[in-house]
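[1] Let's see this in three dimensions:
(one chain, ligands or ions: 2)
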Amino acid sequence: MAKHWADFQYEIYLNGMTGAVPRLPTDLTRLEELTERRLGPGPVGYVAGSAGNGSTAAANRAALERRRIVPRMLRDVHDRDLSVRVLGRELPAPLALAPVGVLSIMHPDAEPAAARAAAAQGVPFVLSSASSTPMEQVAEAMGDAERWFQLYWSKDREVTRSFLSRAKAAGFTALFVTLDTPLLAWRPRDLDQAYLPFLHGVGTANYFTDPAFLAGLAKPVHEDPNAAVAHFVGMFADPAKTWPDLEFLRENWDGPIVLKGVLHPDDARRAAQAGMDGVVVSNHGGRQVAGSVAAADALPRVAEAADGRLAVLFDSGIRTGDDIFKALALGADTVLVGRPYAYGLGLDGQAGVEHVIRCLLAELDLTLALSGHRTPAGPGREDLVEEGA
Ligand SMILES: Cc1cc2nc3c(=O)[nH]c(=O)nc-3n(C[C@H](O)[C@H](O)[C@H](O)COP(=O)(O)O)c2cc1C
Ligand SMILES: O=C(O)C(=O)c1ccccc1
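    Ligands and ions are numbered 1, 2, ... in the order given. Predicted coordinates:
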């Protein structure tokens, strides 16, 4: 029996009979402003901020807003099923939590709380390489719930090899390789505050617990933390990588591999040729290339190039259930959501992340139904119009 995500709506009204209202807004676009008020400017600036003058993050939203749904009537939408099959797994809905590093700046419960929320709702959790908690601890918090590992592809092969074997041993089933961050982009909000969490050793937990990483240090981390941080900064990513290097990952990871940060259809074709299993159409939430194409504008062409050979995941700008509907209609199989759950965590820990997941999926379920669809495979380009096109 498929889960009825829309029941959350009734649950909220029912709880209201005893005077209770939701602890957080159900319009998730309001979370950023609330978080801004409650947490310090450094952490919120880091999470909310993006590259350049912020126009790419704005363009991500605009590209989704510009597309409007054309609902269809009288199509029997009584029985709905949001489940999807992606990367060889059955998911209860087309949603996963995106890899977001350094979550301890949002809440002391950090990644384990977000991972528990995902597990409780049955949604996959993608753990960042730059997690503030070692991957084994996050895995332990999740029991046998679905988890995927995001790789920052290090200059040091032994560290990469070690991360892959640790992730495998800890039960992460798919590998997400982030290609759009071989360098951190120009991020004025962080630059103006001279705020970078790693320099304080936050977001380095996977490295500082890794035997291959530690072998590269002259002294233990506690004896010379600055040298350990400098070593991390120097090796965490590698701008010299090229397509043939993917072979190394294929040889060292026997599960699905997904390339995150693909925006050009030719790069999707190369991913398929290289034996990859999927792509995430993403501009990193507008945090990397200032002036980049909006992720939703890139999605249809990438989906066409994938042509069923690759799983097509999407992120960058998803804030509501109708945004998910639009991404599905433009060719995504599943979406990831980043900042909204980070804000949910900052505002209310695990419960806040669960709130975000439940709101998104209840709204998606209702949007599907009210637009005349029963499953995530239903929406297509014919369900959208583009304003001004
Ligand atoms: C604070 C923050 C940290 C992030 N850290 C990572 C990371 O470690 N690895 C990664 O692949 N993407 C990272 N991302 C990008 C997200 O995975 C995702 O692509 C982006 O947040 C999606 O856009 P959205 O925030 O509009 O949903 C980060 C994003 C934010 C906001
Ligand atoms: O801040 C980010 O967007 C990001 O992807 C990142 C990069 C390095 C370490 C942690 C997060």
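[2] Now for the chain, the helix or strand with the poorest mean pLDDT.
    Least confident element among the helices and strands of the chain, by mean pLDDT, DSSP states H and E: helix 41-48 (a mean of 91).
[3] continuing past that helix, what's the next helix or strand?
    Using DSSP states H and E, the helix or strand that follows helix 41-48 in sequence is helix 55-66.
[4] Next up, the contacts around the residue nearest the centre of the chain.
    Against the mean C-alpha coordinate of the chain, by CA atoms, centre = their mean, the closest residue is Ala98 at 1.4 Å. Under the criterion of CB atoms under 8 Å, 6 or more residues apart in numbering, the neighbours of Ala98 are Val126, Asp315, Leu336, Val337, Gly338, Tyr341. Bear in mind the C-beta positions are built from the backbone N, C-alpha and C, glycine included.
[5] tell me the phi and psi of the residue of the chain found nearest ligand 1?
    When scored by CB to the nearest ligand atom, the chain has Gly338 as its residue closest to ligand 1, at 2.2 Å. The main-chain torsion angles of Gly338 are listed as degrees, to the nearest 10 and equal phi -110, psi -80.
[6] So it versus Glu304, what's the distance?
    When distance is defined by CB to CB, to the nearest Å, Gly338 is 25 Å away from Glu304.
[7] Next: Trp148.
    If you go by CB to CB, the gap between Trp148 and Glu304 works out to 25 Å.
[8] Now do the contacts for Glu90.
    Ser83, Val84.
[9] now the helix or strand hosting it: how far from the chain's centre is it?
    Secondary-structure element containing Glu90, defined by DSSP H and E: strand 89-91. Relative to the chain's own centre, strand 89-91 is displaced by 17 Å; criterion: CA atoms, centre = their mean, to the nearest Å.
[10] One more: stretch 249-265?
    Distance, stretch centre to chain centre, for stretch 249-265: 15 Å (CA atoms, centre = their mean).
[11] quick check: mean pLDDT across that stretch?
    Stretch 249-265 shows an average pLDDT of 98 in the prediction.
[12] so, in contact with ligand 1 or not, it?
    Yes. Against ligand 1, stretch 249-265 shows contacts by CB under 6 Å from any ligand atom at Lys260.
[13] Can you list the buried residues in that stretch?
    For stretch 249-265, the buried set under the neighbour-count rule, 16 or more other CB atoms under 10 Å, comprises Leu249, Trp253, Gly255, Pro256, Ile257, Val258, Leu259, Lys260, Gly261, Val262, Leu263, Pro265.
[14] Just to be sure, which of the residues you listed are found in strands?
    In strands, judged by DSSP state E, the following of the buried residues of stretch 249-265 are found: Ile257, Val258, Leu259, Lys260, Gly261, Val262.
[15] about what we covered before: counting neighbours, go ahead and name the busier of Trp148 and Glu304.
    Using other CB atoms under 10 Å as the criterion, Trp148 and Glu304 rank with Trp148 on top: 23 against 12.
[16] tell me the contacts of that one?
    With contacts taken as CB under 8 Å, 6+ apart, Trp148 has the following neighbours: Leu87, Ala96, Pro124, Phe125, Val126, Leu127, Phe172, Thr173, Ala174, Leu175, Phe176, Val258.
[17] Could you give the number of residues near the first one?
    Applying the criterion other CB under 10 Å, we find 22 residues in the vicinity of Leu87.
[18] which non-adjacent residue is nearest it?
    Sequence neighbours aside, Pro256 is the residue nearest to Leu87 in space, at 4.4 Å (criterion: CB to CB, 6 or more residues apart in numbering).
[19] ok, now the last one?
    Nearest non-adjacent residue to Val258, counting by CB to CB, 6+ apart: Gly278, 4.0 Å away.
[20] Quickly note the distance from the one you found to Leu191.
    Separation of Gly278 from Leu191 (CB to CB): 33 Å.
[21] go on, Leu345?
    In this view, Leu345 and Leu191 are 25 Å apart by CB to CB.
[22] what's the angle from the least confident helix or strand of the chain to helix 55-66?
    50 degrees (axes from the mean of the first three to the mean of the last three CA atoms, to 10 degrees).
[23] touching ligand 1 at all, helix 41-48?
    Yes. Applying CB under 6 Å from any ligand atom, one finds helix 41-48 touching ligand 1 at Tyr46, Val47.
[24] Can you name the residues of the stretch 151-300 of the chain that neighbour ligand 2?
    By the criterion of CB under 6 Å from any ligand atom, the positions of the stretch 151-300 of the chain lying close to ligand 2 are Thr181, Leu184, Gly203, His284, Arg287.
[25] PyMOL command for the buried members of the residues you listed?
    Buried residues among these (16+ other CB under 10 Å), as a PyMOL selection:
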select buried, resi 181+203+284+287
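[26] quick one: which two of the residues of the stretch 151-300 of the chain next to ligand 2 are the most distant?
    Greatest spatial distance in these: Gly203 and His284, 15.6 Å, computed using CB to CB.
[27] what number of residues lie near the closest residue to Gln150 other than its chain neighbours?
    Spatial nearest neighbour of Gln150, excluding adjacent residues (CB to CB, 6+ apart): Pro99 at 3.5 Å. Pro99: 25 surrounding residues under other CB under 10 Å.
[28] Can we start the residue count at 612 from this point?
    I'll keep to 612 as the first residue from here, and by that count the last item is Pro710.
[29] Would you mind measuring from Pro710 to Asp994?
    Taken as CB to CB, the spacing of Pro710 relative to Asp994 amounts to 30 Å.
[30] about what we covered before: the residue of the chain closest to ligand 1 is in contact with Gly896, isn't it?
    Yes. Using CB atoms under 8 Å, Gly949 and Gly896 qualify as a contacting pair, with a distance of 5.2 Å.
[31] so Gln761, which of the three states?
    Look at Gln761: counting by DSSP: H, G, I helix; E, B strand; the rest coil, its state is strand.
[32] again, but for the one 4 residues further on
    Under the three-state scheme (three-state DSSP), the conformation of Ser765 reads as coil.
[33] Measure how buried the nearest residue to Arg880 once chain neighbours are set aside is and give me the count.
    Setting aside the residues directly before and after it, Arg880 is nearest to Ala916 in space (CB to CB, 6+ apart), at 5.2 Å. Using other CB under 10 Å, the number of residues around Ala916 comes to 22.
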